[in-house]
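Peer 1: got a structure for you, letters missing:
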């Protein structure tokens, strides 16, 4: 009986080790697919991604890639991708979904990415804490699906060519501390749930209105315009009345002086 229990325990341990080994190897395959897809998808004129070589199989080898940080240097689990100012161009790579099991920080700022923001971004990477896509050439609408990245602390989309409205769904991002959509082509009202953010994060969008911006929306804006017009009309009337009074007084003085000269003659 003791030998049988020992045999069962040994089989269990070997099975567990085999499973863990398989699981670890599958993770490596995923992260290689993630980073390899980024390298293959994006134009890299400065060859910043040329050092990403996948012929190495040592533990944590991808953690030494430029712009890549891992949870642990001995594991191939990507924590963040800091690829800002690499002069990369092209579409936001779909292969990012293979990094989604562990990726928390994604920085693609100061490049020349020109696609729309994928609506699946938070399905691909649900644990994102920080996203920075600023200073690119991204177009299209801001995906409401960003609200599915429930761990987001920072979302920076400034200095792009995004248009449309700011999704009201952003109000559900309870952990969001920093938000910037400045210098795009957005329009409509800033959702009331975002009024507590800094106005600098919304400036540079001619069509945006509402708090925290100084421009008002809708009925209030129309009332303000009407008030300005009425004020201008009243001001013009007052000025016109004053001019008429001055002219009348001048005419009266001239007439009086003329009558006096006639009488003296």
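Peer 2: Looks like it came in fine. Predicted, not measured: the structure shown is a model, and the values here were computed from it.
Peer 1: which ones are touching the residue nearest the centre of the chain?
Peer 2: What sits nearest the mean C-alpha location of the chain, by Cα atoms, centre = their mean, is residue 157, with 2.2 Å. For residue 157, the contacting residues are 117, 133, 134, 138, 142, 180, 181, 184, by Cβ atoms under 8 Å, 6 or more residues apart in numbering. For every residue, glycine as well, the C-beta is placed using N, CA and C.
Peer 1: now do residue 181
Peer 2: Contacts of residue 181 (Cβ under 8 Å, 6+ apart): 142, 157, 158, 162, 166, 201, 202, 205.
Peer 1: what's the spacing between it and residue 202?
Peer 2: When distance is defined by Cβ to Cβ, to the nearest Å, residue 181 is 6 Å away from residue 202.
Peer 1: intersection of neighbour lists for the two?
Peer 2: By Cβ under 8 Å, 6+ apart, the residues touching both residue 181 and residue 202 are residue 166.
Peer 1: need the strands for this structure, in chain order.
Peer 2: 68-70, 78-82, 89-90, 105-107, 112-113, 130-132, 139-140, 154-156, 161-164, 178-180, 185-189, 207-209 (DSSP state E).
Peer 1: What separation do you get for residue 187 and residue 162?
Peer 2: 11 Å.
Peer 1: Neighbour count for those two, which is higher?
Peer 2: When neighbours are counted by other Cβ atoms under 10 Å, residue 187 and residue 162 differ, and residue 162 comes out ahead with 23 against 14.
Peer 1: Show me the domain layout of the chain.
Peer 2: Following automatic domain parsing, one finds the domains of the chain at 2-215, 216-265.
Peer 1: Would you single out the least confident of those?
Peer 2: With a mean of 46, domain 216-265 has the lowest mean pLDDT of the domains of the chain.
Peer 1: Apart from its neighbours in sequence, what residue is nearest residue 95?
Peer 2: Leaving aside its chain neighbours, residue 95 sits nearest to residue 37 (2.2 Å; criterion: Cβ to Cβ, 6 or more residues apart in numbering).
Peer 1: how many neighbours does the one you found have?
Peer 2: For residue 37, the count of nearby residues is 17 (other Cβ under 10 Å).
Peer 1: So it is in contact with residue 93, correct?
Peer 2: Yes: applying Cβ atoms under 8 Å, one finds residue 37 in contact with residue 93, separated by 5.3 Å.
Peer 1: Need the residues touching each of those two.
Peer 2: Joint contacts of residue 37 and residue 93 (Cβ under 8 Å, 6+ apart) do not exist.
Peer 1: what residues are up against residue 39?
Peer 2: Residue 39 touches 49, 52, counting by Cβ under 8 Å, 6+ apart.
Peer 1: ugh, wrong one, residue 28
Peer 2: Taking Cβ under 8 Å, 6+ apart as the test, what residue 28 contacts is residue 76.
Peer 1: and if you look at residue 176?
Peer 2: Counting by Cβ under 8 Å, 6+ apart, residue 176 has contacts 152, 153, 154, 155, 170.
Peer 1: before we move on, what about residue 52?
Peer 2: 35, 36, 39, 62, 65, 66.
Peer 1: how far away is residue 201 from residue 177?
Peer 2: Look at residue 201 and residue 177: by Cβ to Cβ, they are 11 Å apart.
Peer 1: Compare those two and say which is more crowded by neighbours.
Peer 2: The neighbour comparison of residue 201 against residue 177 (other Cβ under 10 Å) goes to residue 201, with 20 against 10.
Peer 1: beta partners of the residue nearest to the more buried one when sequence neighbours are not counted?
Peer 2: Leaving aside its sequence neighbours, residue 201 sits nearest to residue 180 (Cβ to Cβ, 6+ apart; 4.1 Å). Residues in a beta bridge with residue 180, per DSSP bridges, are residue 156.
Peer 1: Could you say which of the domains of the chain is packed most deeply?
Peer 2: Each of the domains of the chain was scored by mean neighbour count; the highest is domain 2-215, a mean of 17, by mean count of other Cβ atoms under 10 Å.
Peer 1: Please compute how far that domain lies from its chain's middle.
Peer 2: Domain 2-215 sits 12 Å away from the centroid of its parent chain (Cα atoms, centre = their mean, to the nearest Å).
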